[in-house]
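> sequence below, structure please.
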Amino acid sequence: MTTDPKLAQARETMNILHEVSLLLNTGLDRETLSLCVSLCESGVNPEALAAVIKELKRESRAVRQAAAEKQAGGGGGGVGDGRVGVNVGDS
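Residues are numbered from 1 along each chain as shown. The predicted structure is shown next:
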């Protein structure tokens, strides 16, 4: 059985991108990296995509931290609860 040269090249490219991703400690797995590449190939601005990924990671950390604090009896809500741009009382 022969392998399509384009498919082999795409796999090799993804392997290299994943290695670079690991060296840069991006935290992106192969599937997420592949989705990012597909989005960029579809015309998504890479810098905007990177900014969104950074914000999602930051939000994820904040939510995990708030959940850990709540579980440890630290209460919940207030500053550092993982919500961005929520100002109670603004009209």
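> remind me which residues of this structure are low pLDDT?
Low-confidence segments of the chain (pLDDT under 70): 1-2, 74-91.
> quick check, central residue of it?
Nearest residue to the geometric centre of the chain (Cα atoms, centre = their mean): Ile53, 3.9 Å.
> what's the helix or strand for that one?
Under the criterion of DSSP states H and E, Ile53 resides in helix 46-71.
> list the buried residues of that helix.
Within helix 46-71, the residues that count as buried by 16 or more other Cβ atoms under 10 Å are Ala66. From N, CA and C alone the C-beta is placed, and that goes for glycine too.
> repeat that for stretch 26-42.
Result for stretch 26-42 [16+ other Cβ under 10 Å]: buried residues 26, 28, 33, 36.
> so the last one sits against Leu49, correct?
Yes - in this structure, Cys36 sits in contact with Leu49. The criterion is Cβ atoms under 8 Å, and the distance is 6.1 Å.
> now Leu28, nearest residue through space, not along the chain?
Ser21 (5.2 Å; Cβ to Cβ, 6 or more residues apart in numbering).
> please, which helix or strand holds Gly73?
Element membership of Gly73, judged by DSSP H and E, is empty: it is in no helix or strand.
> so how far is Ala72 from Ser34?
37 Å (Cβ to Cβ, to the nearest Å).
> related to what we said a few turns ago, show me how far the helix holding Ile53 is from its chain's centre.
Taking Cα atoms, centre = their mean, to the nearest Å, one finds the center of helix 46-71 at 8 Å from the center of the full chain.
> so what does that helix touch, helix or strand wise?
Where contact means 3 or more Cβ pairs under 8 Å, 6 or more residues apart in numbering; DSSP states H and E, helix 46-71 is packed against helix 30-41.
> which helices and strands sit right next to the helix it packs on?
helix 5-23, helix 46-71.
> would you turn those into CSV with distance to Cys40?
Below are the helices and strands packed on helix 30-41 laid out as CSV (distance: least, Cβ to Cβ, whole Å):
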stretch, distance to Cys40
helix 5-23, 11
helix 46-71, 5
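> can you put the buried residues of stretch 26-42 in a markdown table and add distance to Ser60?
Shown next, in a markdown table, are the buried residues of stretch 26-42 (distance: Cβ to Cβ, whole Å):
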| residue | distance to Ser60 |
| --- | --- |
| Thr26 | 14 |
| Leu28 | 13 |
| Leu33 | 17 |
| Cys36 | 16 |
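> good, we can wrap up now.
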